[in-house]
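Engineer: predicted coordinates and the sequence they were generated for:
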Amino acid sequence: MKRVNEKLLAFFFFILVFVSAAAQDPMPVIASVDRAIGELDSLARYGEIQDTLPVPLVMMPLTFLQTQENQILDTIGILAPFWEKVRSVKRRKYNGTLRVLHVGDSHIRGHILPRTAGDSLQLAVGRLTYSDMGINGAVCETFSTPEHIAEIKQEHPDLLILSFGTNESHNRGYNALRHYQQMDNFVRMLRSALPGVPILMTTPPGSYQGRRRAYSLNPRTAIAVQTIHRFADDNGIAVWDMFNICGGSRRACLNWQSAKMMRPDHVHYTVEGYIFQGLLLYQAIIKAYNDYVGYH
């Protein structure tokens, strides 16, 4: 386990150096941290259970307030087929390679968030690939075309992660019913093309609206998040709610901004911000997998 931790530390040191050199904006000063997401004894507790993976220790910035537990919500076990494949890989009973595909908007198109989560999972699991497919300005309806569905199908994913909501909620004419219907159409097309493939939806991290020196919190983000939850509950889809995990309608944007993880446009995030989001997603996936094997 010590060797795995050393590899993870070396890997993320490389990411910090590489992406800061490649980023358009200079790398911000790393925010001070003081408390862990998850209990400090998680590693020891989970280590006693067969087939579990080490839970990464991810630290919340000191300025983050009103956060919630970092977890994936999956009350009916929709992700069970994927967890079973992960366990088969760990037991060396599956010789293939697991495939995760992360589809979304510009937060995904920037690659940092999905590749941070994906490279971490690859180190932890072994035979796993994590691809991303993002379009700047995309809403879920953007991918609801035969061409995009065919492109997604060609990846043969074992797990499909969908990250939308930022651009839907930036439309001042946002309509929750229309948003729900657009997700329904998209997911129906995906399930027709990829029957049996579990889906994990994420919520948008939060953003502001307006122009320079006149920014205000976007009140529609919280409504979009509620709509995503309602749709997921109605359709057997798991949810990773980054918005509420990181502070919700009262604190999410303020938390990101106070930690200097938001870019000047108040919609996108710094390199450090996206790395942090990727680590949070990675931790949530590992915790959900361990919770599954702990009860099965």
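Structural biologist: In hand now; what should we look at? As the structure is a computational prediction, the values presented were derived from the model and not from experiment.
Engineer: please make it C-alpha for all contacts and neighbour counts, starting now.
Structural biologist: Noted.
Engineer: check contacts around the residue lying closest to residue 108 once chain neighbours are set aside.
Structural biologist: Spatial nearest neighbour of residue 108, excluding adjacent residues (CA to CA, 6 or more residues apart in numbering): residue 134 at 5.1 Å. Contacts for residue 134 (CA atoms under 8 Å, 6 or more residues apart in numbering) come out as 103-110.
Engineer: can we see that at 7 Å?
Structural biologist: Contact analysis of residue 134 by CA atoms under 7 Å, 6 or more residues apart in numbering lists 103-106, 108-109.
Engineer: ok, now residue 218?
Structural biologist: Residue 218 makes contact with 207-209, according to CA under 7 Å, 6+ apart.
Engineer: that one and residue 202: what is the separation?
Structural biologist: Residue 218 is 18 Å from residue 202, where distance means CA to CA, to the nearest Å.
Engineer: can you list contacts of the helix or strand encompassing residue 177?
Structural biologist: Here residue 177, judged by DSSP states H and E, is contained in helix 176-193. Outside of helix 176-193, the residues within contact range by CA under 7 Å, 6+ apart are 140-141, 144, 149, 153, 224, 227, 231.
Engineer: please repeat the previous calculation with a cut-off of 6 Å.
Structural biologist: Helix 176-193 is contacted from outside by 141, 144, using CA atoms under 6 Å, 6 or more residues apart in numbering.
Engineer: please apply the same query to stretch 71-78.
Structural biologist: Applying CA under 6 Å, 6+ apart, the contact partners of stretch 71-78 are 238-240, 284.
Engineer: adding secondary structure, write those residues out as a markdown table.
Structural biologist: Formatted as a markdown table, the contacts of stretch 71-78 follow (DSSP: H, G, I helix; E, B strand; the rest coil):
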| residue | secondary structure |
| --- | --- |
| 238 | strand |
| 239 | strand |
| 240 | strand |
| 284 | helix |
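Engineer: relative to residue 264, which of the residues you listed is nearest.
Structural biologist: Nearest to residue 264 among the contacts of stretch 71-78, counting by CA to CA, is residue 240 at 25.9 Å.
Engineer: that closest one: what's it in contact with?
Structural biologist: Counted by CA under 6 Å, 6+ apart, residue 240 has contacts 72, 202.
Engineer: ditto for residue 100
Structural biologist: 130, 157-159.
Engineer: how does it look with 7 Å?
Structural biologist: Shown in contact with residue 100 (CA under 7 Å, 6+ apart): 129-131, 157-160.
Engineer: how about residue 132?
Structural biologist: Neighbour list for residue 132: 101-103, 108, 114 [criterion: CA under 7 Å, 6+ apart].
Engineer: quick check: the farthest pair among those?
Structural biologist: 101 and 108, at 10.9 Å, using CA to CA across the contacts of residue 132.
Engineer: returning to what we had before: by pLDDT, give me the weakest of the contacts of residue 218.
Structural biologist: When these are compared by pLDDT, residue 209 scores lowest at 88.
Engineer: tell me the spacing between the closest residue to residue 203 other than its chain neighbours and residue 226.
Structural biologist: Nearest in space to residue 203, with sequence neighbours left out and distances taken as CA to CA, 6+ apart, is residue 241 at 5.1 Å. According to CA to CA, residue 241 and residue 226 sit 10 Å apart.
Engineer: picking up where we left off before, redo the contacts of residue 218 as a markdown table? Include secondary structure.
Structural biologist: Formatted as a markdown table, these follow (three-state DSSP):
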| residue | secondary structure |
| --- | --- |
| 207 | coil |
| 208 | strand |
| 209 | strand |
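Engineer: just the residues you listed now: which is nearest residue 292?
Structural biologist: residue 207 (33.0 Å).
Engineer: my guess is residue 168 meets residue 138, correct?
Structural biologist: No: assessed by CA atoms under 7 Å, residue 168 is found out of contact with residue 138, at 8.5 Å.
Engineer: looking at those two, which is more packed in?
Structural biologist: A direct count of neighbours by other CA atoms under 10 Å for residue 168 and residue 138 places residue 168 higher, at 23 against 20.
Engineer: what's the helix or strand for the more buried one?
Structural biologist: Taking DSSP H and E as the definition, one finds residue 168 inside helix 166-170.
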